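J.: next come a sequence and a model predicted from it.
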Amino acid sequence: MKSTVPMPLKRLALVAALGLAATAPFALGSAAQAEDIRIAHVYDKTGALEAYAKQSHIGLMMGLEYATGGTMEVNGRKLVVIEKDTQTKPDVAKAVLAEAYGDDNADIAVGPVASGVALAMLPVAEEYEKILIVEPAVADSITGEAWNRYIFRTGRNSSQDAIANAVALGQDGVTIATLAQDYAFGRDGVAAFRDALAPTGAKLAVEEYVPTDTQDFTASAQRIFDQMKDQPGRKFLFIIWAGANNPIGKIKAMEPERFGIEIATGGNILAAMAAYKALPGMEGATYYYHDIPKNPVNDWLVTEHQKRHESPPDFFTAGGMTAGIAVVEAIKKAGSTETEALITAMEGMEFQTPKGKMVFRPEDHQALQSMYHFKIKVDPAVAWGIPELVRELKIEDMNIPIKNKK
């Protein structure tokens, strides 16, 4: 049931409680400005995931540019992007999203990076009855039990990660342990991985969770080694990690191979994949790597990003670009920025991205998309382990469960 408290009062109370001032960079009021299409990027600009956030914002702006042919206009209306910093804090995220929808008159919002932050934002989109495109937060619960009809996600979800990695690692006689962060991203990721492994014949024998700020993994790794060392057959320690303090290098230094245990993990940003150079031949699955997709959108992204930033586009740059393209394509298709028109346009919408075709599934608004089974190759001239494509897992190759129970 919706609250009977007037929306402006709720918004003012929420913002005042946190002592937050409006941060919109554009003044409101003129007739010309009223015609602008206002997009709020509400994301974790500061905090533990700020490296991911920077990529996401660069990608979003490039996606808007690409999809509008460089005009930054849709249907004759100028695109105005308003940045809001969640500080990677759920309570701040709720306040600044309310501020974006209410005070800044944002037509649509995009973000954030952290799954816990995203979960806090979902009810705000429902309260204001405006679209939130979740990018790149991953937890299944975002388009699962916590979902509402105003939520669309261009980022992949935990099940897509899990199914792709289960294809890469899962086979009869394999035993797997997981090490994950103890919050929504890690726990949803392991739950989805467990479900995805079930039909493969592989066994998930150990689940270890640690705080997101863990520096010393000795105790966790030793518990895993003790429980895995006597298991028969091939053995993997599968690591699910986001942000700083990635444990791969530290655990590799503890020589898990003494117990016949191989380290495995999914894709990551280029800086994190420097640790993959110590793991030639490691297999896993990734959401994106710039050399893998072959399509015109990715060609443009790679060329332009290299030209502008002297580096290839990274993991979350592609996701940000995808969100920008989705915004433009939805508004074009709807012919409007009215929420109900956008929902009608976006449900089942197909659009082209750096990964090729994506489709917003009508039932839960999750973007169905390809994933990539890889094997790590080491090149001395490249600063990171290179994920070489083994197999593209296309939309039709993966049965992604619908978990919203709506």
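T.: Good, I have the coordinates. Please read these numbers as outputs of a predicted model, since none were measured by experiment.
J.: ok, which stretches of the stretch 1-150 of the chain are strands?
T.: All strands of the stretch 1-150 of the chain, identified by DSSP state E, counting those that start in this stretch, fall at 37-43, 73-74, 77-85, 108-110, 131-134.
J.: low-confidence stretches in the protein?
T.: The chain contains residues with pLDDT under 70 at 1-34, 406.
J.: redo the strands of the stretch 1-150 of the chain as TSV? Include distance to Glu99 and mean neighbour count.
T.: For the C-beta atoms, the positions are set from N, CA and C on the backbone; glycine is no exception. Output for the strands of the stretch 1-150 of the chain, formatted as TSV (distance: least, CB to CB, whole Å; neighbours: other CB atoms under 10 Å):
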stretch	distance to Glu99	mean neighbour count
strand 37-43	9	26
strand 73-74	24	18
strand 77-85	7	19
strand 108-110	11	27
strand 131-134	14	28
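J.: would you list these in CSV and tack on distance to Glu347?
T.: Formatted as CSV, these follow (distance: least, CB to CB, whole Å):
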stretch, distance to Glu347
strand 37-43, 20
strand 73-74, 19
strand 77-85, 23
strand 108-110, 15
strand 131-134, 12
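J.: what about those, which gets the closest to Val96?
T.: Across the strands of the stretch 1-150 of the chain, Val96 has its closest neighbour in strand 77-85 (4.1 Å, CB to CB).
J.: please spell out which residues along the longest helix along the chain are buried.
T.: Of all the elements of type helix in the chain, the one with the most residues (DSSP state H) is helix 315-334. Buried residues in helix 315-334, counted by 16 or more other CB atoms under 10 Å: 315-331, 334.
J.: do stretch 43-54 as well
T.: In stretch 43-54, counting by 16+ other CB under 10 Å, buried: Tyr43, Asp44, Lys45, Gly47, Ala48, Leu49, Glu50, Ala51, Tyr52, Ala53, Lys54.
J.: with just CA atoms, put it into CSV.
T.: Backbone C-alpha positions of stretch 43-54 (Å, rounded to 0.1, in the frame of the first residue of the first chain) are rendered in CSV as follows:
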residue,chain,number,x,y,z
TYR,A,43,26.2,6.2,-8.5
ASP,A,44,29.0,5.3,-6.0
LYS,A,45,31.3,8.1,-7.1
THR,A,46,33.2,8.0,-3.9
GLY,A,47,33.9,5.0,-1.7
ALA,A,48,35.3,1.5,-2.1
LEU,A,49,34.0,1.1,-5.7
GLU,A,50,34.9,4.5,-7.1
ALA,A,51,37.1,2.9,-9.8
TYR,A,52,34.1,1.0,-11.1
ALA,A,53,32.0,4.1,-10.8
LYS,A,54,34.3,6.2,-12.9
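J.: got the contact list for it?
T.: Applying CB atoms under 8 Å, 6 or more residues apart in numbering, the external contacts of stretch 43-54 come out as 56-57, 83-89, 110-114, 117, 136, 212-213, 242-244, 269, 271, 315-316.
J.: wait, what's in contact with Met228?
T.: Thr175, Ala177, Ala205, Val206, Lys235, Leu237, Phe259, Ile261.
J.: residues in contact with the nearest residue to the last one once chain neighbours are set aside?
T.: If the residues on either side of it in the chain are set aside, Ile261 comes closest to Lys235, at 4.8 Å by CB to CB, 6 or more residues apart in numbering. Contacts of Lys235 were listed using CB under 8 Å, 6+ apart, and they are Val174, Thr175, Ile176, Ala177, Met228, Phe259, Gly260, Ile261, Glu262.
J.: and what of Glu126?
T.: Glu126 neighbours (CB under 8 Å, 6+ apart): Asn148, Arg149, Tyr150.
J.: same thing with Lys294?
T.: Per CB under 8 Å, 6+ apart, neighbours of Lys294: none.
J.: can I have the buried ones of the contacts of Glu126 as a PyMOL selection?
T.: Remark: buried members of these, expressed as a PyMOL selection using 16+ other CB under 10 Å:
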select buried, resi 149+150
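J.: which of the contacts of Glu126 sits closest to Arg187?
T.: So of those, ranked by how close each gets to Arg187 (CB to CB), first place is Asn148, at 21.2 Å.
J.: show me where the stretch 251-400 of the chain has its helices.
T.: 296-309, 315-334, 339-346 (DSSP state H, counting those that start in this stretch).
J.: looking at those helices, which is closest to Asp161?
T.: Of the helices of the stretch 251-400 of the chain, nearest to Asp161 by CB to CB is helix 315-334, at 12.2 Å.
J.: show me what the closest one is packed against.
T.: Applying 3 or more CB pairs under 8 Å, 6 or more residues apart in numbering; DSSP states H and E, we find helix 315-334 packed against helix 50-67, strand 73-74, strand 108-110, strand 131-134, helix 296-309, helix 339-346, strand 350-353, strand 356-360.
J.: next, count neighbours for Ala221.
T.: Neighbouring residues of Ala221 were enumerated by other CB atoms under 10 Å; the total is 22.
J.: to clarify, my last question referred to Ala381.
T.: 4.
J.: you'd agree Gln171 is up against Pro199?
T.: No. Assessed by CB atoms under 8 Å, Gln171 is found out of contact with Pro199, at 11.0 Å.
J.: could you find the closest non-adjacent residue to the residue most central in space within the chain?
T.: By CA atoms, centre = their mean, the mean C-alpha position of the chain lies nearest to Pro136, the distance being 2.4 Å. In this structure, Pro136 finds its nearest non-sequential neighbour in Gly155, 3.9 Å apart by CB to CB, 6+ apart.
J.: tell me the spacing between the nearest residue to Gly348 once chain neighbours are set aside and Ala177.
T.: Spatial nearest neighbour of Gly348, chain neighbours left out: Pro362 (5.0 Å); criterion: CB to CB, 6+ apart. As judged by CB to CB, to the nearest Å, Pro362 and Ala177 stand 37 Å apart.
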